[in-house]
Structures are given as structure tokens and as C-alpha cells.
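Chemist: predicted coordinates and the sequence they were generated for:
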Amino acid sequence: MNSQAVPAKENTPDILYLAFELSRKKWRLGFSDGRSATVRQVTISAGDLQACGEEIEKAKQRYGMAATAGVRSCYEAGREGFWLHRALTEKGIENMVVDASSIEVNRRQRRAKTDRMDVEKLVRQLIRYVRGERDVWRVVRVPDAEAEDLRQTHRELETLKEERTQHRLRIQSLLFTQGIDMKVGATFWKKLDGLRCWNQQPIPTQMKRRIEDECHRLQLVEVQIREIQKAQAERVKRADQDQVMEKVRKLQQLIGIGRSSSWIFVMELFGWRQFKNRREVAGAVGLTPTPYDSGDSVREQGISRAGNRRVRRLLIEIAWCWLRLQPNSKLSHWYKQRFAGGGARMRRIGIVAMSRRLLIDLWRYVEVGQIPAGAQLKAQ
């Protein structure tokens with residue numbers, strides 16, 4: 001690893017650069033003044049903000065800085081979420097959360113990796129970023145505490161639906177071991193006593209007890225799903241001046257956009273993110289192209305997939321629904337002319353391109369009220 005310090009610009013005010021390498025039990029802190037060739041590193045207990053503040057003061061003294069010198073810090077996005085970012089911000093520290101996948105690494109097959117080397121690399125890249133090299137990594141947009149809290153409802157609902165599927169499949173698998181092939185639906189509980197195994201005998205006692213336990217868990221999950229969906233619907237219908245809920249209601253006016261999809265679009269994207277242009281909108285969900293053009297080799301590598309995976313996955317589903325429910329829209333006509341006559345692979349490629357255009361249209365509709373060309377609204 002290059003141990004040379006990043007050259008400082010003349011008349012640059014004193015700034016203490018701080019990088020965190022986080023783990024469950026301990027944090028490794030790396031400090032630099034941007035001029036010294038070495039990076040000061042210390043280890044503290046995880047979550048000990050008091051010790052972190054003390055080490056910052058020691059680092060300022062070590063580098064001969066004034067106590068009022070500014071501090072710029074960074075850490076990789078991960079399990080800790082954004083609480084550390086908010087804690088540092090409250091202390092007057094300019095912090096940034098970095099997308100770990102965007103950090104450049106040595107492309108050798110085997111590269112040394114330790115916490116010491118990682119935190120030193122983070123410090124040096126932080127210095128480069130602050131001094132103008134914006135391409136060294138990508139900074140994560142941090143939602144405010146309220147926006148982050150609003151995202152919990154649909155994410156819990158997503159988890160519960162996955163658990164519901166797991167319980168159903170587990171019951172079906174248990175039945176299949178006894179020669180019974182059937183799907184688990186709403187009336188399965190009533191049919192359980194009448195089921196017969198491959199030899200026309202009742203389900204064995206312990207097996208039946210296990211299936212009943214799974215049914216109880218399945219019922220509990222279904223009750224929780226209904227309660228959350230009911231709470232969602234009531235909040236959307238509430239006649240208040242909440243701008244976030246107003247955007248949800250606005251999206252629901254479009255045919256093809258339902259309660260669940262409008263909620264996710266707003267809570268994950270439109271409710272708290274501010275976009276300057278359509279490229280930023282597409283980039284936020286990883287729908288930007290990634291061309292490869294080097295020498296005589298020219299090819300398209302597909303979309304970047306670097307953005308919000310929930311919105312990206314939902315967009316693909318909504319795009320297919322849009323073709324069926326909004327057949328007279330300009331976007332649907334564009335897709336049919338360009339891709340409908342091709343094979344299955346061409347149609348899949350086309351639906352991704354359509355998803356990008358649809359997202360941009362939805363953004364314009366939410367922000368400035370511009371209805372997608374040819375789209376129909378639901379009857380009031």
C-alpha cells in the first residue's frame with residue numbers, strides 16, 4: 001500500500017481526517033492531518049462515543065491543531081446503519097457514509113486485508129474525496145430519522161410475506177413425505193383431519209402435531225400482515241397535510257399503481273430524496289447502463305444494479321402491469337414498437353428499459369404533477 005501522504009494545497013485550513021473500521025466488539029480509528037506520511041491508529045470499544053471524542057482531541061494535539069479545528073470522518077455502510085452518522089453530526093463532525101462496494105481495491109487475485117490496512121486506506125481516500133476527487137467512492141444518501149422510521153412498515157410486511165411463504169412450503173413438504181400432494185390455502189386447516197397418507201391411513205400423530213404447530217405460526221403471520229395492511233390503508237386515507245402521504249395518494253390515482261407499490265416508491269425514494277435530473281433518478285435504483293468500450297472491444301454490460309434493490313425489483317413488476325393496464329399510454333406503445341416483436345430475451349431487455357422510463361415518468365408526476373403521456377387515472 002502506498003504510504004505517501006496526499007499533498008496538501010496551500011493555505012488549506014487545518015482539518016482532522018478520521019476513518020472508522022467498525023466491528024461488533026471494537027472500532028479501529030484512523031487519523032491524519034492530510035500532510036503526515038503516517039496514519040495514527042487507535043482501537044476503542046464498539047459504541048464508546050466518549051472514548052472516540054477523547055481520541056479526536058488527542059489526535060488534534062498530536063498534529064498540532066487547534067481545538068476548534070474541523071473534523072471530517074467516514075465509515076462504510078453496514079450493520080450499524082446510520083445512528084453513528086447522526087451521533088457524529090450532532091457533535092459537529094462532518095461525516096459521510098460510504099458505499100463499501102464502490103471503494104477501489106487492488107485487483108490482484110490475493111491481496112492482504114487487515115483492519116489496519118483498511119482504515120488507513122479509508123483515511124487516504126477520505127482526504128482525496130474532500131480535496132475534490134469525487135470518483136474515489138460513492139457516498140450513501142442518509143435519510144432523516146423520520147424517513148427511516150417510515151420505511152419500517154413495508155419492510156416488516158416484506159419479511160412477514162416471506163415467512164408466510166416459508167410456513168406454507170414447510171407444511172407442503174411435510175405432507176409430501178406422506179404421499180400427500182396439495183397446496184396450503186385459506187381452507188387447509190379444515191381439511192387437515194380428513195387427509196390420508198399414501199396407504200389411506202391418517203397422518204401419524206407426531207407428524208400431525210408438527211403440521212398443526214406450523215399452521216398456528218402461519219395464522220399468526222397472516223394476522224400480522226392484515227393488521228399492517230389495515231394500518232397502511234387508514235394512514236393513507238387520513239385527511240391530513242402530510243406531504244409524504246399526499247405523494248402516496250397521488251401515485252395511487254394512476255391505474256396500475258396500487259397501495260403497496262405507491263407506498264414503497266414514496267418511502268424508499270420519492271418521500272425524502274431530492275433529484276436534480278432524470279439521470280439521478282435512474283442511478284438511485286441502479287437502472288443506468290454500464291458500457292464497456294476499450295480498444296476494439298465494445299459491448300454493453302447491462303444495468304449497474306448499484307441502487308435500491310427493492311424499488312428496482314418492484315419497477316420490473318409494475319412495468320409488466322403497466323403494459324396490461326395502461327395499453328394506450330405512450331410508454332406502452334414505445335415498448336410494443338421496439339421490443340414486442342422480438343424474442344423472450346429481447347422483451348426482458350426491453351422491460352428494463354421501460355422500467356427506467358416509467359420511474360422517470362412517476363418522478364415527474366409526483367414532483368410537478370405531469371401525468372405520463374397517454375396514461376389514465378382511476379375514476380374518483
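Modeler: Structure received.

Chemist: and the residue nearest the centre of the chain, how far from residue 315?
Modeler: Closest to where the C-alpha atoms of the chain average out (C-alpha atoms, centre = their mean) is residue 308, at 4.1 Å. Computed as C-beta to C-beta, to the nearest Å, the residue 308 to residue 315 distance reads 10 Å. Quick note: C-beta positions are derived from backbone N, CA and C, even for glycine.

Chemist: shared neighbours, those two?
Modeler: Overlap of the contact sets of residue 308 and residue 315 (by C-beta atoms under 8 Å, 6 or more residues apart in numbering) consists of residue 285.

Chemist: who's residue 72 bridged to?
Modeler: According to DSSP bridges, residue 17, residue 94 are recorded as the beta-bridge partners of residue 72.

Chemist: so it versus residue 14, what's the distance?
Modeler: Distance check for residue 72 against residue 14: by C-beta to C-beta, it reads 11 Å.

Chemist: and the protein, what are its domains?
Modeler: Domain ranges of the chain: 15-142, 149-235, 244-368, per automatic domain parsing.

Chemist: now the ones you listed as JSON lines including mean pLDDT and distance to residue 376?
Modeler: Listed next are the domains of the chain as JSON lines, based on pLDDT from 0 to 100; distance: least, C-beta to C-beta, whole Å:
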{"stretch": "domain 15-142", "mean pLDDT": "92", "distance to residue 376": "33"}
{"stretch": "domain 149-235", "mean pLDDT": "94", "distance to residue 376": "23"}
{"stretch": "domain 244-368", "mean pLDDT": "90", "distance to residue 376": "5"}
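
Chemist: would you reformat those as CSV and include distance to residue 374?
Modeler: Formatted as CSV, the entries for those read as follows, by distance: least, C-beta to C-beta, whole Å:
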stretch, distance to residue 374
domain 15-142, 32
domain 149-235, 29
domain 244-368, 4
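
Chemist: of all those, which one is nearest residue 375?
Modeler: Each of the domains of the chain has some distance to residue 375 by C-beta to C-beta; the shortest is domain 244-368, at 4.6 Å.

Chemist: gap between the two ends of that closest one?
Modeler: For domain 244-368, the first-to-last residue distance is 14 Å (C-alpha to C-alpha, to the nearest Å).

Chemist: next up, the contacts around the closest residue to the residue nearest to the centre of the chain other than its chain neighbours.
Modeler: Distance criterion C-beta to C-beta, 6 or more residues apart in numbering; nearest residue to residue 308, sequence neighbours excluded, is residue 285 at 5.0 Å. Going by C-beta under 8 Å, 6+ apart, residue 285 touches 269, 307-308, 311-312, 315, 359.

Chemist: can you check residue 170 too?
Modeler: Residue 170 is in contact with residue 214, counting by C-beta under 8 Å, 6+ apart.

Chemist: pull out the buried positions in the strand or helix carrying it.
Modeler: With elements delineated by DSSP states H and E, residue 170 resides in helix 152-176, which encompasses its position. By 16 or more other C-beta atoms under 10 Å, the buried positions in helix 152-176 come out as 153-154, 157, 160, 163-164, 167-168, 170-171, 174-175.

Chemist: turn the residues you listed into a markdown table, columns for distance to residue 323.
Modeler: Supplementary listing: those in a markdown table, determined by distance: C-beta to C-beta, whole Å:
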| residue | distance to residue 323 |
| --- | --- |
| 153 | 29 |
| 154 | 24 |
| 157 | 26 |
| 160 | 29 |
| 163 | 31 |
| 164 | 28 |
| 167 | 33 |
| 168 | 30 |
| 170 | 35 |
| 171 | 35 |
| 174 | 39 |
| 175 | 38 |
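
Chemist: out of the residues you listed, who's nearest residue 234?
Modeler: Using C-beta to C-beta, the shortest approach to residue 234 within the buried residues of helix 152-176 belongs to residue 153, at 11.9 Å.

Chemist: please tell me how far the closest one sits from residue 314.
Modeler: 15 Å.

Chemist: rewinding a little: sitting in helices, which of the contacts of residue 285 do you find?
Modeler: Secondary structure defined by DSSP state H assigns 311-312, 315, 359 of those to helices.

Chemist: how long is stretch 138-147 end to end?
Modeler: 21 Å.

Chemist: try stretch 77-93
Modeler: End to end - C-alpha to C-alpha - stretch 77-93 spans 17 Å.
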